[in-house]
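[1] Predicted structure and sequence below. I'll ask about it afterward.
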Amino acid sequence: MSDTNNQPVIKIFDVLYSTYGPQGWWPGDSPFETIVGAILTQSTAWHNVALAIANLKREEILDPCTLLKANPERVKALIAPSGFFNVKYDRLKNFLQHLMKYDMDFERFRCLPVRDLRNELLEINGIGFETADSILLYAFDRSVFVVDAYTRRLFSRLGYAWMEKAPYEKIQKFFMGELPSDSCLYNEFHALVVAHCKTTCKKNPSCSSCNV
DNA sequence: AGCCAGGACTGAG
DNA sequence: CTCAGTCATGGC
């Protein structure tokens, strides 16, 4: 709270943005595709997720009703490239079954207040903090800040050492207190953190280049 | 040839 | 409550 070495969060964002430019995460063909992607990308490289989604599109089952009715083994085979296909199938199914409470009406579900939406997502087995918030931000365009391992790592090295082990929601609350409530800003911010860590930090374990 | 990705759940201690 | 083990494939 009184660490004078900390750069203001917004300034770090500015440097990242001017370094890497807009990342264009998940403009997506549809919110539903984004949600599927959010679940499939759990602990998985995005490239593999893209393969899985392409399969679902090719077979034309990338919509809630069709996907829920499709043969489980067939769906598992299609999403196999994204790994963990057994658990991920169950997680997709859990989400779809939750959607049944809204008569599979996607629009009715997404109109809920953010707080309710988030709580409902978190009730679904297989959707944790990061996936829920990714869905809210990237699929529903709500101004919710997404925290992940990269965020913890990068900011721990930028003077916010407490983030290394702090609870997810404490970190989230911090960022949302420091930044204006803006889904576009949060969208780019999270993507830029990932972009930076995947390039610079990864090639440099000591991460001295994190002196943004 | 390992190692690791844009996590979350479960069971053990 | 903390934490290792588990889930699986593709790319480097």
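    Arrived safely.
[2] Does residue A:122 touch residue A:128 like I think?
    Yes: applying C-beta atoms under 8 Å, one finds residue A:122 in contact with residue A:128, separated by 7.4 Å. Yep, even glycine has a C-beta here, placed from its N, CA and C like the rest.
[3] Skipping its backbone neighbours, what lies nearest the residue positioned nearest the centre of chain A in space?
    Nearest to the centroid of the C-alpha atoms of chain A, with distances taken as C-alpha atoms, centre = their mean, sits residue A:134, at 3.2 Å. Of all residues not flanking residue A:134 in the chain, residue A:38 sits nearest, at 4.5 Å (C-beta to C-beta, 6 or more residues apart in numbering).
[4] cool, and residue A:131?
    residue A:38 (5.3 Å).
[5] How about residues contacting stretch A:64-80?
    Under the contact criterion C-beta atoms under 8 Å, 6 or more residues apart in numbering, stretch A:64-80 has outside partners A:32, A:36, A:40, A:52, A:55-56, A:59-61, A:85-86, A:88-89, A:92-93, A:96-97, A:99-100, A:104, A:106.
[6] ditto for stretch A:113-130
    Taking contacts as C-beta under 8 Å, 6+ apart, the residues outside stretch A:113-130 that touch it are A:39, A:87-88, A:90-91, A:94-95, A:98, A:109-110, A:112, A:131-133, A:135-136, A:140, A:142, A:144, A:146-148, A:168-169, A:172.
[7] Could you give the number of residues near the residue nearest to residue A:134?
    25 (other C-beta atoms under 10 Å).
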